[in-house]
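J.: no sequence on this one, just coordinates:
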């Protein structure tokens with residue numbers, strides 16, 4: 001991959017992402033991740049937009065099992081901010097080199113990109129990096145500007161990838177009419 005490429009060229013912007021905010025409950029986080037098919041999702045501060053970390057399925061499971069809470073209504077009382085692990089899926093600053101980004105994307109499905117104030121700008125997915133590399137290898141101009149695959153969806157026989165962009169942010173994924181778990 002070209003060493004002079006700006007990581008913003010691979011960025012899927014925050015406005016196209018599904019993410020959690022710290023005012024949500026564990027129940028809301030669980031339902032959002034289930035609805036989207038994600039195994040991990042970024043968590044931001046509700047007011048400032050600061051990247052706080054990412055939450056995984058395992059974080060949710062250990063919270064449920066560790067607190068003996070097997071009722072979705074009681075999970076509503078547990079704030080998702082109690083699950084923050086700052087070392088899980090670390091973010092990089094917008095000025096990070098492509099080499100540093102490549103090393104990170106080898107170990108995580110998505111890399112959160114933050115500005116100097118730690119505000120989440122978006123993510124770079126492993127898929128967007130691989131697509132850019134394949135296009136470059138084929139002699140094509142890389143289709144930069146985010147993860148185009150996320151715009152089209154995932155093939156039916158493939159599991160959803162972590163961090164694929166979403167068209168809109170959903171604060172509470174449960175709706176009364178489709179709440180089959182409550």
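T.: Right, received. Where do you want to start? Fair warning: this is a prediction, and the values are worked out from it, not measured in the lab.
J.: C-terminal to the helix or strand hosting residue 111, what's the next element?
T.: In the assignment (DSSP states H and E), residue 111 maps to strand 110-114. Of the helices and strands lying after strand 110-114 in sequence (DSSP H and E), the nearest is strand 120-125.
J.: that following strand: how far from the chain's middle?
T.: 8 Å (CA atoms, centre = their mean, to the nearest Å).
J.: so what secondary structure elements neighbour the next helix or strand after it?
T.: Tracing the chain past strand 120-125, the next element assigned as helix or strand by DSSP H and E is helix 126-137. Helix 126-137 makes packing contacts with helix 98-105, helix 148-152 when contacts are defined by 3 or more CB pairs under 8 Å, 6 or more residues apart in numbering; DSSP states H and E. C-beta coordinates here come from the backbone N, C-alpha and C atoms, glycine included.
J.: and the closest residue to residue 98 other than its chain neighbours, how many neighbours?
T.: Nearest non-adjacent residue to residue 98, counting by CB to CB, 6 or more residues apart in numbering: residue 5, 5.2 Å away. Using other CB atoms under 10 Å, residue 5 is surrounded by 16 other residues.
J.: tilt between the strand holding residue 111 and strand 120-125?
T.: 150 degrees (axes from the mean of the first three to the mean of the last three CA atoms, to 10 degrees).
J.: can you give the strand pairings for strand 110-114, parallel or anti for each?
T.: strand 92-93 (parallel), strand 120-125 (antiparallel) (DSSP bridges).
J.: so residue 122 makes contact with residue 7?
T.: No - using CB atoms under 8 Å, residue 122 is not in contact with residue 7, being 9.9 Å away.
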